[in-house]
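>>> Build me a model:
(one chain, ligands or ions: 1)
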Amino acid sequence: MSATTNSSRLTIQDIAKLYADGQRIPMLTAYDYPTARILDEAGIPILLVGDSLAEVMLGYESTVRVSMEEMLHHTKAVVRGSERAMVVADMPFLSYETPEQARENAGRFLREGGAQAVKAEGGVRSARSLEAIVRAGIPVMGHIGWTPQARHGMGGKVRVQGRTRDAAQRLLSDAIAVQDAGAFAVVLELVPAQLAAAITERLHIPTIGIGAGPGCSGQVQVVTDLLGLGSFIPRHARPYAHLRETILDAARAYASDVNAGTFPGSAESSAMDQAVLDEALGRGEMDRADAVPFPIPLDRDL
Ligand code: KIV
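Numbers count the residues shown, from 1 in each chain. Have a look, this model is predicted:
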């Protein structure tokens, strides 16, 4: 993959080229500087600062709780941590209700956050906002199927979308609406595999699936699921590491070493010239009774 601009970051043109070349696109969420650095080094082309931040990093019970300021804070960290990936910032709940508000808030993610693109949920219902963002020159990614910000309106329970004839047709309309609004890609979340493949065939922008089967143009995973960091792994996720256990083991081993007095050892400590210390403590040859201006007891006072 090679960037085609002066910046070393991938652009929507690079993503379009991957898609045109038939390469599947791996995308991951990222929320912080050190993880972004590692994912960037691994060559992940798109880092999404998802509003899943709310649940997996900030401990809120739902994505609707996360604010623009919190999203911006984490977007900046991911941008600082990456050099090559395109950083996509998720527009939080109620931040793109009108075209004007959508343009203003999307602009903040680029201007203040340093992101290269934004993502917003909703198909037909969000099309006017998506269009306004694109008209402002801001690349936008759509997100249809299960849209967590609308969970209360969708019945509250996380479930696969588009299983009935009407629901499948509504999802097709949503996909077309997102594409017509000018989005450069669209996330399909919790969609039956055959329907996701059929949508993918009918669009000329990449579909990025999460719980939408292998027939999408790319896949996205929540990085904490990928790394096995959470206490619950959703059915559609595959943990490629088990960091929760690794961290538990590390923290327990550390606590046990501190308790036993075996951490730090000489390898983790530094030494000073003993003669200098002797001098400082009033043990040295140069010791002068009147030389210490602060009230730390010297050896002779102990
Ligand atoms: O916020 C998020 O993590 C997302 C992905 C699930 C696509 O929107």
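>>> chain center to stretch 269-278: distance?
In terms of CA atoms, centre = their mean, to the nearest Å, the gap separating the centre of stretch 269-278 from the centre of its chain is 46 Å.
>>> Please identify the buried residues of it?
Within stretch 269-278, no residue counts as buried by 16 or more other CB atoms under 10 Å. No exception for glycine: its C-beta is placed from N, CA and C like everyone else's.
>>> Can you give me the neighbour number for the residue of the chain found nearest the ligand?
Using CB to the nearest ligand atom, residue 50 is the residue of the chain that sits closest to the ligand, at 2.4 Å. By the criterion of other CB atoms under 10 Å, residue 50 has 30 neighbours.
>>> what sits against it?
For residue 50, the residues meeting the contact criterion (CB atoms under 8 Å, 6 or more residues apart in numbering) are 29, 31, 90, 119, 222.
>>> which bits of the stretch 51-200 of the chain sit near the ligand?
Listed as neighbours of the ligand in the stretch 51-200 of the chain under the rule CB under 6 Å from any ligand atom: 51, 52, 90, 143, 187, 189.
>>> from what I can see the third one touches residue 118, true?
This means residue 90. Yes. At 7.3 Å, residue 90 counts as touching residue 118 under the criterion of CB atoms under 8 Å.
>>> Show me the helices in this structure, by range?
For the chain, the helices identified by DSSP state H occupy 12-20, 33-41, 53-56, 68-81, 99-111, 127-135, 165-180, 193-202, 223-226, 243-260, 274-280, in order along the chain.
>>> Switch the ones you listed over to CSV, and while doing so, append mean pLDDT to every line.
As requested, the helices of the chain are arranged in CSV below (pLDDT from 0 to 100):
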stretch, mean pLDDT
helix 12-20, 98
helix 33-41, 98
helix 53-56, 96
helix 68-81, 98
helix 99-111, 98
helix 127-135, 98
helix 165-180, 98
helix 193-202, 98
helix 223-226, 98
helix 243-260, 98
helix 274-280, 89
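>>> mind checking which of the ones you listed is nearest residue 268?
When these are compared for distance to residue 268 using CB to CB, the nearest one is helix 243-260, at 10.2 Å.
>>> Quick one: residues in contact with the closest one.
Where contact means CB under 8 Å, 6+ apart, the residues beyond helix 243-260 that reach it are 227, 228, 229, 230, 231, 263.
>>> Look up how far residue 82 lies from residue 52.
18 Å (CB to CB, to the nearest Å).
>>> How about residue 30?
Distance from residue 30 to residue 82, counting by CB to CB: 8 Å.
>>> Comparing these two, which shows the higher neighbour count?
The neighbour comparison of residue 30 against residue 82 (other CB under 10 Å) goes to residue 30, with 31 against 23.
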